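*Asks:* Sequence and predicted structure, then a few things I'm wondering about:
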Amino acid sequence: MGPFPRPPMPTAELVHLHVHSEFSMLDGAIRIPQLVEKVRELGMPAVALTDHDNMHGAVRFFRACKAAEIKPILGCEVSFTPGRRDDETNRRQHHLVLLAASQEGYQNLVRLDSRGWVEGANKPRIDFEVLAEHGKGVIGTTACMGGYVSQEILMKGEAAGREALGRLKDCFEPGHFFVELQDHGFPEQEPLNDILNELAKELDLPVVATNDCHYLFREQAKPQLALQCIAAGRPLEEMSRAHHGSDRMYLLSPEEMAQTFRHLPEALANTMRIAEMCGGACDPLSKPKLPRFALPEGMSEAEYLKKISHDGLNARFDELTKIGRNLDVGAYRERLDLELGIIESMGFPGYFLIVQDFINWAKKQHIPVGPGRGSGAGSLVAYSLRITDLDPIHHGLLFERFLNPERVSMPDFDVDFCMDRRDQVIDYVREKYGETSVGQIATFHQLKSKSVVRDVGRVMGMAPADAGRIAALIPEPIQGKTVPIKKALEEEPRLDAIYKEDAGVRDLLDTAMELENLNRHAGMHAAGVVISEGPLWDHVPVFCPEPKVYVTQYDKDDVEAAGLVKFDFLGLKTLTVIDVAVQLIDKRPDREGKPFDLAGIPMDDPATFALLQSGETTNVFQLESSGMQQLFRQLKPDCFEDIVAAVALYRPGPLGTGMVEDFVQRKHGRIKVEYPNPVLKETLQDTYGVIVYQEQVMQIARVMGGYSLGGADILRRAMGKKKESEMAKQRAVFVEGAGKQGHAPEEAGRIFDLVAHFAGYGFNKSHSAAYALITYQTAFLKTHYPVEFVAATLTADKDKTDKVVRTVAEARSMGITVLPPDVNQSEIDFTVVYEPKPARVKRRKSRPVAMGGEVRDPWGPKIRFGLGGVKGIGSGALEAVFEARSMTPEGEPSEDGTQQPFTDVFDFTSRVDLKRVNKGVAEALVQCGAFDTVHAELGVHRAAAHAGIEAAIERGKRASADRDAGQTSLFGLLEPAQARAVASSGSSAFPSVEPWDLKELLAREKATLGFYVSGHPLQRYASELKRFCDADTVTVAGRKGGERVVLGGSVEGYRERQTKSGGKMAFFHLEDAEGRVEVIVRSRNLDEAREALTCGDPILLTADVKFEFNRQADSEGPEETKLVLMEAAPLAESLRARTKAVRLRLHVDRTDSTKLVGL
């Protein structure tokens, strides 16, 4: 049984065959669980689901009906055209209801719906050809007034309707096509029904009575109409008139249907006839189905998996032996064979073969792949196949947490790939298995509380400002979860007050609550991919958000229930950072061509742990947030296991229990390490007696309760869900098993209760360990190769100005020099250039920390800004610059492949393709300082170079014309040194203009790079800021939410916007020498602060710290720091106001009256 009590025996002689759920997006307002409950209540034996052009809800509808012992009828109201489905000039599109009468009919229904999406032009639609091809086992009805037959009658007359009926009839098996009759009180329906009934008699077709159900209850007519108005962007009043005020499109009772069609009893009886033909005859659920994997001749999937697993394990033995690991080879082989046996018995060898294939293909293409993610890191088979790169035996990870032979479910490898190249792996899979066999998975986006209030307010004719004010009273999301309207009414007195006092507000909110959390539209899962044997639509329905992009109509849970196996291809930015950093390290002069082996780094490096203990972990994976940095300062990890535990503990659950503090105190001996029972010491000693991991729960069950590891996984899941009945059952099993191990029932019960308490907070150790490895790797790179690591981070973040600013600031604080772009030396990405230091400077074996303002590295590495990071320069322009740099002035490739440096901006415009490099590109390069090196030799400053761009462009056009005409330029006859000499003698005529002052020069740098290179506007205020401010843009992240702080900085990106309550608020970034932070200015503070924020000068502000939940959990922490402004004033003005006195010391013999007057 499901969630419903056993229903009474069906008594009603009626079945609803035309029903639209919330999956008829912004049209149907019926939730499937409530539909099934209502059908059961009315005593109807079956019900159909016929959503518009989709079967999104079929699986959950099927399951809900089965749980309530109601026959599910799977259907779809498809769009149908009498012309060609793929003819873009054909705009005709009508409705047609299709119902599956058999398993074959279900498969054909899936194909019909899918082919409508795949092959239909303009919109999803099918035609006579497709319908005839897949009509077997399908029942068709003529649908509503928007149906093909009805529209032919209404637009062309009875004869056209007769012809349409005849053509449709021929597409179905005998007795499988019905003429549908409806009556919702629309004036056209009664005469239309008369004609349809007569035509049915003429053509010997049965009639069937339906109600076009879009909502469950009559009183939901208005909310459902509001839903349609949201979709159409039309006012509720206007749509109500078009519907003639009808409120009859709900789930009518059998009595109401009998009254409506009292003159056509056969139409009512035919609902039962169709239900008998359809009900329970098809099943969308299926055992897992995998595509066939190409195997060596004569081998089964299991045999091949066993072979490559043992081969892979032998290769791992060689690697582990080289790094000095002492191995119990027998234990490894025994574990491998155990896992292989379970995999084979559960029928999953093909799954492992498919996953290892695309992962190892990616590695061969040098696409970075993560060491593991989720419980899959606990598999030795996966480690042997290089699906994962973490030794599960060495780290105490359990295979049964991943694949449990006592609880059959699909294995699920989540795989992280380099963010930039993830799509290449998916393309490989498409090529290998076929384009139509690979698809992504649907997700559904809902009408959330705030947005639905604004939407309903709009269609009700309420002013946006008024609706916005009401929505603004709903609390902000808590940890990413929206607050429901009902809960907001309970918690927000102001909202409750206007709800009770204002009938219009009450109407709005009541309507919004009816629609809240209904589906708004379907989207694509960010990572989920399915692979099928043959086209996807041979298994599940698909939709196409764009041509040749196939997305399953079922979501991730339903698609697996339907038999397709999900593979998660995730993009992780940190893998990109690591890959770029390793490439840069390989180019270091001291590597001498020897590749850097990340897998071979020592896992007990003291310098790396010193960095982790310092909390200076900006850009270290998972350690970005101030909370995590504080935890590492307190914990002071000194082994890899500490990192694994910290990653598992830093989550909302454990943070609120005192577990984290207990763990830290136990590690440092301030609290005695005690174990719940002596037999659990081995299980808990790595975590100082604290139950941190789900795997520890399983091991406790095995060691003390006598469970198998498979049974222990079932116990772990039961404890996590905390179902009382299951918990009581498991408690009895645990106590009995512990008794067999010699433990008293009271002791066993105490341990069970203790474990049950912590099990809700336990984290997956396999995932923690795999991600902790990435944390350690990034910490190692930052420790020993800080310049290369920072350059890689900047490259990965080059499109994110905020992160670039913060990373550059941190780089400078580490003593790393960040050079401006250079038109001759910069590449697209950030690179490292080396300027060797005197021989006496030695590279330390430990961390090359900042010494005397620079990183202590004898090779003198510095970061060169990449041209790809300069704003206003697109990929086409960059290609043109690099092409020209590798060409001679005559436009020929350099004979020896060496770069041909540009001598000045005139030479630049004479050599680049000006069709791709325009004036704006040249200006950006000058303003950011990319020509400074070559122009310095000529004594040309940026202002002069900028002023000369027009003339340079004109000269470049002439040079291009000369080349096209076969003429040679003067510069082409000169050596580079001679060319520079000619340029410096005046051939490149730069205008005589005043240099930019520092303020303008910095502003132009900022506009093109996103940060300052030649200085900082706040430099002159450095000592005053230190005296008057108690925080900066970096340290605010370490403050508590709501704490008030004083900061100084420059205002960047100031913008105001109209609030939904009708007022104005502002947003900007406050930037100082350390980085930047977003500031929010609320309406009540804006008028007073606006002048200071828009004057263009640095400001001093007072603000409250605010933390917002961050949905992106790559290398960032779970919270994002923001400031809420209280007051602001120009910095200079604030400093004057806070300065009580100025003391001057003058030398009498050097002071005269003129100087005194000036002072």
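*Replies:* Sure thing, it's come through.

*Asks:* Can you mark which positions in the helix or strand encompassing G737 are buried?
*Replies:* Using DSSP states H and E, G737 falls within helix 724-740. By neighbour count on 16 or more other C-beta atoms under 10 Å, the buried set for helix 724-740 is 727, 730-731, 733-735, 737-738. C-beta: built from backbone N, CA, C; applies to glycine.

*Asks:* Please apply the same query to stretch 523-533.
*Replies:* Neighbour counts over stretch 523-533 (16+ other C-beta under 10 Å) mark 524-525, 527-532 as buried.

*Asks:* can you give me how far it is from the chain middle?
*Replies:* 14 Å (C-alpha atoms, centre = their mean, to the nearest Å).

*Asks:* mind starting the numbering at 52 from now?
*Replies:* Renumbered: residue one is now 52, and that last one reads stretch 574-584.

*Asks:* got the contact list for that stretch?
*Replies:* By C-beta atoms under 8 Å, 6 or more residues apart in numbering, the surrounding residues in contact with stretch 574-584 are 340-343, 405, 465, 477, 480, 484, 488-496, 587, 589-591, 596, 602-603, 606-607, 610, 615-622.

*Asks:* quick one on the thing from earlier: list just the nearest of the buried residues of stretch 574-584 to Y739.
*Replies:* Lowest distance from Y739 to the buried residues of stretch 574-584 (C-beta to C-beta) belongs to A578, with 35.2 Å.

*Asks:* Now do the same for that closest one: helix, strand or coil?
*Replies:* strand (DSSP: H, G, I helix; E, B strand; the rest coil).

*Asks:* So it versus C127, what's the distance?
*Replies:* A578 sits 28 Å away from C127, going by C-beta to C-beta, to the nearest Å.

*Asks:* likewise I204?
*Replies:* 23 Å.

*Asks:* Name the residue in these two with the higher neighbour count.
*Replies:* C127 (28 against 24; other C-beta atoms under 10 Å).

*Asks:* Pull out the buried residues from the next helix or strand after the helix holding G788.
*Replies:* Downstream of helix 775-791, the next assigned helix or strand under DSSP H and E is helix 796-810. Neighbour-count burial for helix 796-810, with 16+ other C-beta under 10 Å as criterion, is recorded at 798-800, 802-803, 806-807, 809-810.

*Asks:* what's the closest of the residues you listed to L1182?
*Replies:* Using C-beta to C-beta, F809 comes nearest to L1182 of these, at 51.5 Å.

*Asks:* pLDDT score assigned to the closest one?
*Replies:* F809 carries a pLDDT value of 82.

*Asks:* who's in contact with it?
*Replies:* Counted by C-beta under 8 Å, 6+ apart, F809 has contacts 710, 742, 748.

*Asks:* okay, these in JSON lines with neighbour count next?
*Replies:* Listed next are those as JSON lines, based on neighbours: other C-beta atoms under 10 Å:
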{"residue": "M710", "neighbour count": "19"}
{"residue": "I742", "neighbour count": "21"}
{"residue": "V748", "neighbour count": "26"}
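
*Asks:* Quick check: the farthest pair among the buried residues of stretch 574-584?
*Replies:* A578 and S583 (17.8 Å).

*Asks:* element containing M564, please.
*Replies:* Per DSSP H and E: helix 554-566 holds M564.

*Asks:* Extract the CA atoms of that helix and return them as PDB.
*Replies:* Taking Å, rounded to 0.1, in the frame of the first residue of the first chain, the C-alpha atoms of helix 554-566 are listed here in PDB:
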ATOM      1  CA  ALA A 554     -10.200  41.800   1.000                       C
ATOM      2  CA  GLY A 555      -8.100  42.500  -2.100                       C
ATOM      3  CA  VAL A 556      -4.900  41.300  -0.500                       C
ATOM      4  CA  ARG A 557      -6.700  38.300   0.900                       C
ATOM      5  CA  ASP A 558      -8.000  37.400  -2.500                       C
ATOM      6  CA  LEU A 559      -4.500  37.700  -4.000                       C
ATOM      7  CA  LEU A 560      -2.900  35.600  -1.300                       C
ATOM      8  CA  ASP A 561      -5.600  32.900  -1.300                       C
ATOM      9  CA  THR A 562      -5.300  32.600  -5.100                       C
ATOM     10  CA  ALA A 563      -1.500  32.600  -4.900                       C
ATOM     11  CA  MET A 564      -1.600  29.800  -2.200                       C
ATOM     12  CA  GLU A 565      -3.600  27.600  -4.600                       C
ATOM     13  CA  LEU A 566      -1.000  28.000  -7.300                       C
END
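
*Asks:* buried stuff in it?
*Replies:* Residues of helix 554-566 classed as buried: 556, 559-560, 562-566 (neighbour count, 16+ other C-beta under 10 Å).

*Asks:* Stretch 667-687 too?
*Replies:* Those buried within stretch 667-687 under the rule 16+ other C-beta under 10 Å are 667-680, 682-683, 685-687.
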